[in-house]
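Asker: Give me a model of this one.
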Amino acid sequence: MKTVDLFVIGGGSGGVRAARIAAGHGARVALAESSRLGGTCVIRGCVPKKLMVLASRYGADFDDAAGFGWSVGQRNFDWARLHEGVAAEVGRLEAAYTAGLEQAGVIVRRESAAIDDHGVVALAGGERIRARHILIATGARPAGAAGCEGSELASTSDDFFDWPTQPDRVLVQGAGYIALELACLLQRLGSHVTLAMRGQTVLRGFDDGVREHVQQAIAEAGVNLLSGLTLTRIERHEDATLLVTLSDGSVHTVDAVLRATGRVPNTHGLGLERIGVATAVDGSIVVDEWSCTSVPGVHAVGDVTGRVMLTPAAIREGHALADALFGTRRVAIDHALVPTAVFTTPEIGVVGLSEQLAVERHRSVDVYETRFAPMKSALSGRATRMLMKVVVDRASDRVLGVHLVGPEAAEMIQLVGVALQMGVSKAQLDATLPVHPSAGEELLTLRSPVRRHG
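Answerer: A predicted model of the protein is given here:
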């Protein structure tokens with residue numbers, strides 16, 4: 001039986017990073033992946049989605065250009081060309097992942113794997129490999145569709161990236177960031193989009209001000225929002241269209257149904273129960289701050305742990321684990337301050353506590369907020385409003401959270417995240433000289449709180 005120091009099950013961002021870093025420390029490493037290397041982010045998530053989001057914004061840019069003196073001629077969008085370009089970039093990144101593993105000396109097996117016994121991994125082809133350490137980095141998959149008859153006729157957020165043609169009418173189910181991102185880009189590329197959500201407001205868990213601002217903007221852009229509703233039945237009509245029945249009894253005729261109701265950890269079939277690896281109610285693997293499971297020698301990183309389902313978190317966790325096991329650096333990963341972007345249009349960038357959580361956790365909280373038209377709208381005539389919000393602990397003056405909605409929010413929140421990680425105070429923001437004219441300067445010129453709690 002072949003023996004390695006580390007066997008990684010899963011070839012996504014977290015698993016690949018852990019494998020490469022461990023190999024760089026001199027460890028003998030093997031990795032198994034039954035699908036394409038790169039995982040959700042590269043193959044069916046962040047990368048192709050962002051490329052399609054960028055494509056979806058050109059229509060508005062063409063319209064806005066007229067106010068700046070440009071004359072734009074006939075415009076035609078070609079879904080097939082976009083699909084081809086996105087696929088080529090995804091293929092390039094997958095090849096880079098593969099080359100990186102090969103150059104590091106990692107043994108790669110293109111097949112599924114499961115834990116067969118303590119310290120033993122069994123591959124689908126029959127090979128068994130002994131490992132000092134096993135890392136589970138299998139990510140997550142789209143959640144099922146309980147209570148909807150004919151749900152197999154719907155596409156998941158994974159399936160979306162393989163659509164060969166653009167549907168004219170789409171019903172999107174969900175109100176999380178994936179549902180909103182796909183609904184926005186489809187609508188801006190020309191599809192007629194209806195979004196059905198169980199609750200009354202989108203983006204549960206985000207700051208309430210952000211949720212309301214974005215929901216209004218999406219509705220004004222043309223997405224038909226139906227709140228308080230679930231899908232009960234999907235059936236195919238004889239002309240290949242889909243008839244969707246909602247919980248209020250209404251029936252909608254569409255060309256595609258896109259289900260984006262969350263993701264669940266990929267733990268089925270991994271053999272966790274054979275050696276007693278503890279899992280949570282949702283199936284996620286329970287780990288400590290060092291990514292160690294309940295069984296010595298078995299570790300887990302990324303979405304499969306259910307901690308923070310974001311690619312940068314998985315990469316940081318995988319890197320830290322490899323350093324701790326085979327290097328000289330041992331650092332626990334802190335998930336308290338995670339900058340997050342939602343690539344809707346308008347774009348969202350947040351880091352730290354929402355106003356609601358800040359009030360729950362701190363005795364006195366000041367909220368600074370502004371809504372304004374970005375400079376571009378002065379000549380474009382577009383009725384766009386940006387939202388900027390800073391949440392501050394009044395007792396210490398420390399900034400607890402920053403919430404942005406508008407153009408380039410993701411780019412701004414990345415650097416804001418650095419400041420919050422360093423414990424920036426509101427006084428330090430005020431003392432920073434702003435760049436003018438820019439949207440970012442608004443963060444530095446918020447003088448008086450709009451709300452005071454406690």
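Asker: quick one: which helix or strand includes Ala324?
Answerer: helix 311-326 (DSSP states H and E).
Asker: Off-centre distance for that helix?
Answerer: 18 Å (Cα atoms, centre = their mean, to the nearest Å).
Asker: Then stretch 36-52?
Answerer: The answer for stretch 36-52 is 10 Å, by Cα atoms, centre = their mean.
Asker: List the buried residues in that stretch.
Answerer: 36-52 (16 or more other Cβ atoms under 10 Å). (Each C-beta comes from the backbone N, C-alpha and C, glycine too.)
Asker: Give me the average confidence score over stretch 268-288.
Answerer: Stretch 268-288 shows a mean pLDDT of 96.
Asker: ditto for stretch 130-149
Answerer: For stretch 130-149, the per-residue pLDDT averages 94.
Asker: Mind checking which of the buried residues of stretch 36-52 land in helices?
Answerer: Counting by DSSP state H, the buried residues of stretch 36-52 place 39-44, 46-52 in helices.
Asker: Of these, which is the nearest to Ala409?
Answerer: Set against Ala409, the nearest of those by Cβ to Cβ is Lys50 (13.4 Å).
Asker: From Ala300, how far out is that closest one?
Answerer: From Lys50 across to Ala300, the span is 27 Å (Cβ to Cβ, to the nearest Å).
Asker: Check Gly209 too.
Answerer: Taking Cβ to Cβ, one finds Gly209 at 35 Å from Ala300.
Asker: neighbour count winner among these two?
Answerer: Ranked by neighbour count (other Cβ atoms under 10 Å), Gly209 and Ala300 place Ala300 first, with 32 against 21.
Asker: Any idea what the more buried one is bridged to?
Answerer: Ile136 (DSSP bridges).
Asker: Nearest to the spatial middle of the protein, which residue is it?
Answerer: Centroid-nearest residue in the chain: Leu310, 5.5 Å away (criterion: Cα atoms, centre = their mean).
Asker: And that one, what's its pLDDT?
Answerer: pLDDT at Leu310 comes out at 94.
Asker: isn't it right up against Pro339?
Answerer: No: using Cβ atoms under 8 Å, Leu310 is not in contact with Pro339, being 9.2 Å away.
Asker: on that earlier part again, quick check: buried residues in the helix holding Ala324?
Answerer: For helix 311-326, by 16+ other Cβ under 10 Å, it's 311, 313-326.
Asker: ditto for stretch 199-206
Answerer: 202-203, 206.
Asker: do the same with stretch 86-99
Answerer: Here stretch 86-99 shows 86, 90, 93-94, 97-98 as buried, counting by 16+ other Cβ under 10 Å.
Asker: Which parts of the stretch 101-250 of the chain are strands?
Answerer: 107-109, 113-117, 120-123, 128-136, 140-142, 155-156, 169-173, 192-197, 224-227, 231-236, 242-246 (DSSP state E, counting those that start in this stretch).
Asker: CA-only coordinates of the second one in PDB, if you can.
Answerer: Meaning strand 113-117. Output in PDB follows, covering the C-alpha atoms of strand 113-117 (Å, rounded to 0.1, in the frame of the first residue of the first chain):
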ATOM      1  CA  ALA A 113     -12.200   8.800  -2.700                       C
ATOM      2  CA  ALA A 114     -13.500   7.900   0.800                       C
ATOM      3  CA  ILE A 115     -12.100   7.100   4.200                       C
ATOM      4  CA  ASP A 116     -11.800   3.300   4.400                       C
ATOM      5  CA  ASP A 117     -10.300   3.000   7.900                       C
END
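Asker: Find out how far that strand is from the centre of the chain, if you would.
Answerer: Its chain's C-alpha centre and that of strand 113-117 lie 29 Å apart, by Cα atoms, centre = their mean.
Asker: Can you tell me who the residue nearest to Tyr177 when sequence neighbours are not counted pairs with across the strands?
Answerer: Of all residues not flanking Tyr177 in the chain, Val342 sits nearest, at 4.4 Å (Cβ to Cβ, 6 or more residues apart in numbering). Beta-bridge pairing of Val342 under DSSP bridges involves Ile348.
Asker: Do I have it right that Val342 meets Leu180?
Answerer: Yes: between Val342 and Leu180 there is a contact at 6.8 Å, judged by Cβ under 8 Å.
Asker: what do these two both touch?
Answerer: Residues touching both Val342 and Leu180 by Cβ atoms under 8 Å, 6 or more residues apart in numbering: 203, 214.
Asker: more crowded one of the two?
Answerer: Taking neighbours as other Cβ under 10 Å, Val342 and Leu180 compare with Leu180 leading, 26 against 23.
Asker: List the residues that contact the closest residue to the more buried one other than its chain neighbours.
Answerer: Excluding the flanking residues, the one nearest Leu180 by Cβ to Cβ, 6+ apart is Thr344, at 4.9 Å. Residues in contact with Thr344, defined by Cβ under 8 Å, 6+ apart, are 177, 180-181, 184, 214, 218.
Asker: quick one: the helices in the protein?
Answerer: With helices called from DSSP H, the chain shows them at 13-24, 39-44, 46-56, 58-65, 79-104, 157-160, 177-188, 208-221, 272-275, 311-326, 355-361, 377-380, 409-421, 426-431.
Asker: tell me which residues of the fourth one are tucked away?
Answerer: Residues of helix 58-65 classed as buried under the neighbour-count rule (16+ other Cβ under 10 Å) are Asp64.
Asker: Which strands or helices does that helix pack on?
Answerer: When contacts are defined as 3 or more Cβ pairs under 8 Å, 6 or more residues apart in numbering; DSSP states H and E, helix 58-65 packs onto helix 377-380.
Asker: How far off centre is the helix it packs on?
Answerer: 31 Å.
Asker: Identify each buried residue in that helix, please.
Answerer: Neighbour-count burial for helix 377-380 [16+ other Cβ under 10 Å]: 377, 380.
Asker: Quick check: which helices or strands does that helix pack against?
Answerer: Packed next to helix 377-380, using 3+ Cβ pairs under 8 Å, 6+ apart, are helix 58-65.
Asker: ok so, going back, distance of the residue nearest to the centre of the chain from Glu317?
Answerer: For Leu310 relative to Glu317 (Cβ to Cβ), the value is 10 Å.
Asker: what do you get for Leu185?
Answerer: 29 Å.
Asker: what about the stretch 251-400 of the chain, any weak spots by pLDDT?
Answerer: Within the stretch 251-400 of the chain, no stretch has pLDDT under 70.
Asker: would you list every one of the strands in it?
Answerer: 251-254, 256-259, 263-265, 298-300, 340-342, 348-352, 365-372, 386-393, 399-405.
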